[in-house]
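Enquirer: coords below, sequence missing:
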């Protein structure tokens, strides 16, 4: 028995109602849950639309559609995280009368929870079917991935995938195709694990996707990424300023995890992809012209001082000169990695100047990538993104492995000195490695 949840705020109501009908008519779905940010005009229109669908028998009588608003659960800004975490809790109690959630929605405990963005225009029954088929094979976390415009997903590529590759290069995290994707399916065991983790329940903002991905990997949840060839057709953003809050909250979530260890033994599989359709390869994911002005606005004397104190000279001079003319050539891949490390150590999400500097650096990086690579074609641009992430992962992995081996050599030398001092032969030491690509339980160090 599965529950499909559509979190929403302000959406195209006709698209949302179409998606509700598709989910409710799927033979694996027992109920549909709509979690609204608040009781706004969109909420009331969806509620009225659902009644009409039910009255016209376009939704089966035995598949309830429950409307609710998200609860205030976390300690961050009240946003997407509260909505998704509300759904996690509701899912666990949907079969019983609950003091918080009210009467039961279904008669027996639900087994799987699906999440889909409410505004997906290309949503159809195959999204649910592919996730259900994967769950049938005992995967605990099923993620959907799909072809994207070469200018789309620039927080995913420049922030999350870069950070995962830099900080946890030998874990499963760099291999996750779309770590910020909101299209997911969790088994009941995965949901129970997530709600028991205080870090997850505190993350009430855009950072929730980062936490779900990280915590599932840290707990060793088995994961399969299924491919949706038609892509996620939905309303795109205007200028990059529209992504300001998402950017700073996603980065802050990753920054909060940077000292957290993670083992490398998670089971992760990726279903093969299909050729990318022209509807995706020809799409521009943001308004380039509107974004050119962003490097010139909202400067403060303190931002200039922070640049001079903490950032490389080429980045400092490049950003400062962009105040009078939009410049972005200085924010190369290497320059972005250098400022990324500065932000990891010094970024403060409560500080407006640090947030604005992160945004400006990211805008310069996205514009640099767009003008240098996207203009040369879809495949060239996507290959550049993949190659850069691989380079970051490789360099970080090599450094991490060498650090571990150096520590082991120092330990070996100390053991040899101790054995010689006591006139005893040195014992063979078995060292299961937490850094290897696979769970290493057989390696013997002499």
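Expert: On my side now, so go ahead. The structure displayed is predicted, hence computed values, not measured ones.

Enquirer: hey, let's count contacts and neighbours off CA atoms from now on
Expert: Will do.

Enquirer: in the stretch 301-446 of the chain, which spans are strands?
Expert: Secondary structure of the stretch 301-446 of the chain (DSSP state E, counting those that start in this stretch): strands located at 429-430, 444-445.

Enquirer: least reliable of those strands going by mean pLDDT?
Expert: Mean pLDDT across the strands of the stretch 301-446 of the chain is lowest at strand 444-445; the value there is a mean of 28.

Enquirer: for the closest residue to residue 37 other than its chain neighbours, give me its contacts.
Expert: Leaving out its chain neighbours, the residue that sits closest to residue 37 by CA to CA, 6 or more residues apart in numbering is residue 9, at 5.1 Å. By CA atoms under 8 Å, 6 or more residues apart in numbering, the residues touching residue 9 are 36-38, 42-43.

Enquirer: mind doing that once more with 10 Å?
Expert: 35-43, 69, 79-80, 83, 118-119 (CA atoms under 10 Å, 6 or more residues apart in numbering).

Enquirer: ok, now residue 364?
Expert: 291-292, 294-295, 315, 318-319, 322, 326-332, 336, 370.

Enquirer: just checking, residue 274 touches residue 145?
Expert: No - the pair residue 274 / residue 145 is not scored as a contact, 11.3 Å apart, by CA atoms under 10 Å.

Enquirer: now do the shared contacts for these two.
Expert: 227-229.

Enquirer: need those residues in CSV (columns: secondary structure and distance to residue 201).
Expert: Formatted as CSV, those follow (DSSP: H, G, I helix; E, B strand; the rest coil; distance: CA to CA, whole Å):
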residue, secondary structure, distance to residue 201
227, strand, 29
228, coil, 29
229, coil, 33
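
Enquirer: okay, these in TSV with neighbour count and pLDDT next?
Expert: Shown next, in TSV, are the shared contacts of residue 274 and residue 145 (neighbours: other CA atoms under 10 Å; pLDDT from 0 to 100):
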residue	neighbour count	pLDDT
227	20	97
228	19	95
229	14	92
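
Enquirer: nearest to residue 65 among those?
Expert: residue 228 (25.1 Å; CA to CA).

Enquirer: with adjacent residues omitted, what lies nearest to the closest one?
Expert: residue 146 (5.0 Å).

Enquirer: who are the contact partners of that neighbour?
Expert: With CA under 10 Å, 6+ apart, residue 146 has these contacts: 177-178, 181, 225-232, 273-274, 276, 280.

Enquirer: in helices, which of those residues fall?
Expert: Counting by DSSP state H, the part of the contacts of residue 146 found in helices is residue 280.

Enquirer: most neighbours, which of the contacts of residue 9?
Expert: The residue in those with the most neighbours, by other CA atoms under 10 Å, is residue 83 (28 neighbours).

Enquirer: so that residue sits right up against residue 7, yeah?
Expert: Yes - with contact defined as CA under 10 Å, residue 83 reaches residue 7; the gap is 6.3 Å.

Enquirer: overlap in contacts of those two?
Expert: Going by CA under 10 Å, 6+ apart, residues that sit against residue 83 and also against residue 7 are 34-37, 68-70.

Enquirer: okay, now residue 289: neighbour count?
Expert: Neighbour count for residue 289, taken as other CA under 10 Å: 10.

Enquirer: skipping adjacent residues, who's closest to it in space?
Expert: Nearest to residue 289 is residue 239, by CA to CA, 6+ apart, at 7.9 Å.

Enquirer: good, wrapping up.
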